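Student: With the sequence up front, the predicted model follows.
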Amino acid sequence: MPTAVIVDDSPIVRMQLRQILTRIGCTIVGEAGTGDEVRALYERHRPDLITLDIVMPGKDGVTAVIELLKDFPSATVVMCTSLTTRDKIIACQKAGVCHYLLKPFDAARAEQVFRFALERSDVAIVRSAP
Amino acid sequence: MICPGCQKENDPKRRYCGRCGTNFSPVCRRCSFANASDDRYCGGCGANLVAKDVHVKSVVAEGSAAHAMRVPPPLPGLIAPAMPAMPAMPAMPAVPTLPAMPKGGDELSGLFSAPVAANAASDVALPETGVSQDDLDRLFGVAL
């Protein structure tokens, strides 16, 4: 069963993402509200997927993902943010981010993006929602 | 090497101008003769290199400053009103193959310098404002 870590400073968004990821068969192994905790969570759990907000207290998501993917290029990261700044998007793409999901997102679209990310990382996922 | 199109100083190893894209060694599409960058007619078959340069016209916008530099107006008296019919071309000798470029060498690094890398990002079809999820799907190569 694939595992996921959710990093977002909004408890409501974390809950939404938890529901969506659980629905496609993911086990949530960690959550955080700042970018400072991303690396430690990844090293501890080695999740199949990380969802990462950008605007957060402490280290922002772009800095966190650049640092993470530099040391762990095989990590699968999906940015989940309302930020549409071109420079940030390009920075994420260059860093090796798998996908970029815009908030507010609908559950169906988010499911598609997460399924795509997990398929790209060769993780077996639940093919159809229960 | 000074670009004949925009006068920019270019590295001699470059095949195209870094500023305006002028081809420094245009090869004739009809006979494959390698012409000089400022040739307007092919040295091998007499073809009009400027008029045939469709790619240049599509890249450089009509009426732009670069276009004005790249495509000068025809000079009266220099262009014959009608070219005489060309005899059938003899078979061209085989073009010698170029020696293999060393991978990762200085030659390649000169070709793919920083401006080209910057263009790679700007080539992405991402609007400056109003980025949508569809734009992002295309950018990240997802067909959802």
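Tutor: Received, thanks.
Student: Would you map the helices across chain A?
Tutor: A:11-23, A:38-45, A:61-71, A:86-95, A:107-120 (DSSP state H).
Student: okay if I get the ones you listed as TSV plus distance to chain B?
Tutor: Glycine gets a C-beta too; all of them are placed from N, C-alpha and C. Listed next are the helices of chain A as TSV, based on distance: least, CB to the nearest CB, whole Å:
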stretch	distance to chain B
helix A:11-23	15
helix A:38-45	20
helix A:61-71	13
helix A:86-95	5
helix A:107-120	5
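Student: Which one, of these, ends up nearest to B:Val27?
Tutor: Nearest to B:Val27, of all these, is helix A:86-95, at 34.8 Å by CB to CB.
Student: just checking, what packs against the closest one?
Tutor: Applying 3 or more CB pairs under 8 Å, 6 or more residues apart in numbering or on different chains; DSSP states H and E, one finds that helix A:86-95 contacts helix A:61-71, strand A:99-102, helix B:114-122, helix B:133-139.
Student: Could you tell me the average pLDDT over the second one, please?
Tutor: Here strand A:99-102 scores 93 as its mean pLDDT.
Student: does chain B sit close to it?
Tutor: Yes. Counting by CB under 8 Å from any CB of the partner chain, contacts between strand A:99-102 and chain B involve A:His99, A:Tyr100, A:Leu101, A:Leu102.
Student: circling back: most tightly surrounded among the helices and strands packed on helix A:86-95?
Tutor: Mean neighbours per residue, mean count of other CB atoms under 10 Å in any protein chain shown, is largest over those for strand A:99-102, with a mean of 24.
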